[in-house]
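**Student:** fold the following and give me the result.
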Amino acid sequence: MRPRRPGRESAASRRHRALDLCRRLEALYPGARCSLDFASPFQLLIATILSAQCTDRRVNLVTPGLFRRWPDATALAAADAAALESVIRSTGFFRAKARNIRACCQALVERHGGAVPETLAELVALPGVGRKTGSVVLGSALGKAEGVVVDTHVGRLARRLGLSRAADAVRVERDLMAVVPAEEWIVLSHRLIEHGRTVCAARTPRCSGCTLADLCPRVGVGDGRGKRPPR
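**Tutor:** Prediction:
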């Protein structure tokens, strides 16, 4: 039996269902983790900036050479702009990303002695760092849950699962934080991303074989069987 549509579901029922979803996702993806390679909070910060409008796989190909040449915030703050742009060109939007990385590293050096701050408020005050990037660093590199990372997969699945009706990431995050226990915030994003990549695709979700099917109202999935409605 499928759950009620989100508008008819009580807040208590939604919280209970969200917890059930977390347990099932844990069983499905016990090893889910951040797909960006990093050896320190600083490396993850830079990698996350590079990941905007770019695949994590591509970023992982670029960062080893980047960090060999500029291993820390001090080095990147003083990096030649053209040289940095050349190294990160394949990640797309390389000029804007190079500007953000250099400005971010200059701020790290000037305000934090080159270290990555450990609060979301301090992180989002850095040039080129938004709430999503800050939460990625805090959660995956420092184990601190100050929010839920909402990328395109997480936003889509949150709406499809009836956990949010919002279109923008900030409101989706707020809705998820209201129904999901704080101890699940960090890993939930990784597991939803895995599920979005392997089962709950944007255009052709495999609902018939989904372990979450009985908990999912399948919001926006056409006829409810994982097929898009005819045009």
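**Student:** distance check, residue 206 against residue 221.
**Tutor:** Computed as CB to CB, to the nearest Å, the residue 206 to residue 221 distance reads 11 Å. (Each C-beta comes from the backbone N, C-alpha and C, glycine too.)
**Student:** which of these two has more residues huddled nearby?
**Tutor:** Neighbour count, other CB atoms under 10 Å: between residue 206 and residue 221, residue 221 has more, with 18 against 12.
**Student:** with adjacent residues omitted, what lies nearest to the more buried one?
**Tutor:** Among residues not flanking residue 221 along the chain, residue 205 sits closest, at 6.0 Å (CB to CB, 6 or more residues apart in numbering).
**Student:** the one you found and residue 161 touch, don't they?
**Tutor:** No: applying CB atoms under 8 Å as the test, residue 205 and residue 161 come out as separate, 11.1 Å apart.
**Student:** per-domain residue ranges of this protein.
**Tutor:** 6-31+148-215, 41-115 (automatic domain parsing).
**Student:** quick revisit: contacts only, for the residue nearest to residue 221.
**Tutor:** 160, 199, 218, 221, 226 (CB atoms under 8 Å, 6 or more residues apart in numbering).
**Student:** which of those residues fall within strands?
**Tutor:** In strands, judged by DSSP state E, none of these are found.
**Student:** export the residues you listed to TSV and append columns for distance to residue 166 and pLDDT.
**Tutor:** TSV is the format used below for the contacts of residue 205 (distance: CB to CB, whole Å; pLDDT from 0 to 100):
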residue	distance to residue 166	pLDDT
160	13	97
199	23	96
218	18	94
221	18	89
226	23	42
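**Student:** which one of the residues you listed sits closest to residue 96?
**Tutor:** The shortest approach to residue 96 among the contacts of residue 205 belongs to residue 160, at 31.4 Å (CB to CB).
**Student:** help me confirm that that closest one comes into contact with residue 213.
**Tutor:** No: Residue 160 lies out of contact with residue 213 (CB under 8 Å); the separation is 11.4 Å.
**Student:** so the two - more neighbours on which side?
**Tutor:** When residue 160 and residue 213 are compared for neighbours, residue 160 comes out ahead with 21 against 17, by other CB under 10 Å.
**Student:** for the more buried one, which non-adjacent residue is spatially closest?
**Tutor:** Residue 160 sits nearest to residue 219 (CB to CB, 6+ apart), 5.3 Å away.
**Student:** what's the residue nearest to residue 206 when sequence neighbours are not counted sitting at in phi/psi?
**Tutor:** Of all residues not flanking residue 206 in the chain, residue 199 sits nearest, at 5.2 Å (CB to CB, 6+ apart). Note on residue 199: its backbone torsions stand at phi -130, psi -50 [degrees, to the nearest 10].
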